[in-house]
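Asks: coords please:
(one chain, ligands or ions: 2)
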Amino acid sequence: RDVENMRLIRSLVRHVKYFLGLRFDVSGWEHLQTEGPYVIISNHQSSLDVLGLMEILPDRCTMIAKKELIYAGTVGLICWLGGIVFINRKKPNDARSVMIDASKTMLDDKIRLWVFPEGTRNQTGNLLPFKKGAFHLAVQAQVPIIPIVFSSYSSFYLRKQKQFNSGTITIKILPKIETKGLTSDDIPSLIDKSFHLMNSSFLSISNSVPHSNGPCKH
Ligand SMILES: CCCCCCCCCCCCCCCC(=O)SCCNC(=O)CCNC(=O)[C@H](O)C(C)(C)COP(=O)(O)OP(=O)(O)OC[C@H]1O[C@@H](n2cnc3c(N)ncnc32)[C@H](O)[C@@H]1OP(=O)(O)O
Ligand SMILES: CCCCCCCC/C=C\CCCCCCCC(=O)OC[C@@H](O)COP(=O)(O)O
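Replies: Ligands and ions are numbered 1, 2, ... in the order given. This is a model prediction of the structure:
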């Protein structure tokens, strides 16, 4: 169990996109060129997000995930080996204390953490209001937040209708938001700022992309 295992996991998972006929169009790479630990926040539509995540995952970066994933067979084992931090959402007190510990581990072990601040998968067409954990994490560790937005999957993937075509996903990496000097009093405004940046970015990249490359051949 070590965050370094993410390098191998990343290089294996990156091949899955070819089987699904997905392409990624990434902008803002320069914003990930930040030294040391940081917290990445991104929108969460589906387990497909794992493919985009692995496409751009920086070194020494792992994720916060719901603890149920440990029991998901091979996927659970891979998550465990990659040093994923598991939280129990049914016990918010426990989840918060795991994240407080994580803010220390990030600094001690020079680890970056990826959090889905919506806290659940969401395909409503707007981002859900953000949970506060990711922001406490960044403020407690005094590290920057890097917001990342994945465009809507709705033009090629409709879960309820069981429709899946090949398509292009736009990923936009936004400039980092510094948290140096901020305290827990600043969390509401930090969340507000992050939410508005990400939601408007989500709407603009989701409207401007000709997503579907046509029906999937397989
Ligand atoms: C082919 C095969 C390939 C396989 C390949 C596998 C590859 C492997 C990839 C895996 C990829 C994984 C992907 C997983 C993706 C998910 O599992 S998403 C679901 C799990 N993640 C999350 O839920 C993260 C977001 N949630 C949070 O951050 C939540 O805040 C928490 C930490 C769960 C707490 O929940 P909550 O108490 O309901 O939350 P919230 O309303 O935000 O806060 C309540 C109060 O607690 C306070 N609080 C919250 N957090 C804190 C804190 N850390 N410190 C102090 N106070 C806090 C708040 O300030 C608030 O108090 P007030 O300010 O209102 O007084
Ligand atoms: C037509 C098929 C479209 C789906 C294809 C998916 C292919 C993805 C390939 C490999 C990734 C597998 C890793 C799965 C990790 C799943 C993480 C996840 O998404 O957990 C759910 C959690 O965050 C939120 O849970 P809830 O929405 O609250 O319950």
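Asks: How about stretch 91-101 and ligand 1, any contact?
Replies: Yes: Stretch 91-101 is in contact with ligand 1 by C-beta under 6 Å from any ligand atom, via 92, 95-96, 99-100. Any C-beta I mention is one placed from the backbone N, CA and C, and that applies to glycine too.
Asks: near ligand 2, anything from that stretch?
Replies: No: using C-beta under 6 Å from any ligand atom, stretch 91-101 never reaches ligand 2; the gap is at least 12.9 Å.
Asks: hmm, back to that, which of the residues of stretch 91-101 next to ligand 1 are buried?
Replies: By neighbour count, with 16 or more other C-beta atoms under 10 Å, the residues of stretch 91-101 next to ligand 1 hold 95, 99 as buried.
Asks: just curious, which of the residues of stretch 91-101 next to ligand 1 is nearest to residue 58?
Replies: residue 99 (19.9 Å; C-beta to C-beta).
Asks: Return the list of strands paired to the least confident helix or strand in the chain by mean pLDDT, each annotated with direction.
Replies: Sorting the helices and strands of the chain by mean pLDDT, DSSP states H and E puts strand 163-164 at the bottom, at a mean of 81. Partner strands and pairing direction for strand 163-164 (DSSP bridges) are strand 157-158 (antiparallel).
Asks: Point out where the chain drops to low pLDDT.
Replies: Along the chain, the parts satisfying pLDDT under 70 run over 208-218.
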